[in-house]
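> Build me a model:
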Amino acid sequence: MIPDHLYHWLGYPAAMLTTLAFVPQAWLTLRTRNVSGISALTYFALTIGITLWLVYGWHERDWALIIANAITLPLAGSILMTKLLEDARVRRSHAERRPH
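Down below sits the predicted model:
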């Protein structure tokens, strides 16, 4: 069993692991711009959730939450923007191919 005074420190490895686990997906998506299997709604919700966790961490002065979410927010946000821009590009491309 972990003593109560050490529970605070669990946030740092937890934040590090969850943030690092997200980096390869972000890197691959941004490098290849392949967003075909990505849901814009999911990434919108994820980006809002990360923002809220960042605000909560700031309010609580919880540096594990602040650091992890400050790193993850731009990654998730850039994937969301890539998804939205790529979807718009595909829609324009389809619209240009349709006979008028």
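> hmm, which helix or strand of the chain has the shakiest average pLDDT?
When each helix and strand of the chain is scored by mean pLDDT, DSSP states H and E, helix 7-32 comes last, with a mean of 90.
> which residues touch the next helix or strand after that one?
Next helix or strand after helix 7-32 toward the C-terminus (DSSP states H and E): helix 40-60. Residues from elsewhere that reach helix 40-60, judged by CB atoms under 8 Å, 6 or more residues apart in numbering: 62-66, 69-70, 72-73, 76-77, 79-80, 83-84, 87. Heads up, the C-betas are built off the backbone N, CA and C, glycines and all.
> by contact count, what packs against the least confident helix or strand of the chain?
helix 63-97 (3 or more CB pairs under 8 Å, 6 or more residues apart in numbering; DSSP states H and E).
> Could I get the buried residue list for the least confident helix or strand of the chain?
Across helix 7-32, burial judged by 16 or more other CB atoms under 10 Å covers Gly11, Ala15, Thr19, Phe22, Ala26, Thr29.
> Can you select the buried ones from the contacts of helix 40-60 in PyMOL?
To isolate the buried members of those in PyMOL, using 16+ other CB under 10 Å:
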select buried, resi 62+64+65+66+69+72+73+76+77+79+80+83
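> Tell me the one among the contacts of helix 40-60 nearest to Gly37.
Lys83 (10.2 Å; CB to CB).
> got the contact list for that closest one?
Under the contact definition (CB under 8 Å, 6+ apart), the residues listed for Lys83 are Val35, Ile38, Ala40, Tyr43.
> which residues of the protein score low on pLDDT?
100 (pLDDT under 70).
> in this protein, which residue is closest to the centre?
Ala76 (2.4 Å; CA atoms, centre = their mean).
> so that residue touches Val23, yeah?
No: at 11.1 Å, Ala76 and Val23 do not qualify as touching, with contact defined as CB atoms under 8 Å.
> quick one: contacts for the closest residue to Thr19 other than its chain neighbours?
Closest residue to Thr19 apart from its sequence neighbours, by CB to CB, 6 or more residues apart in numbering: Ala68 at 4.6 Å. Counting by CB under 8 Å, 6+ apart, Ala68 touches Ala15, Met16, Thr18, Thr19.
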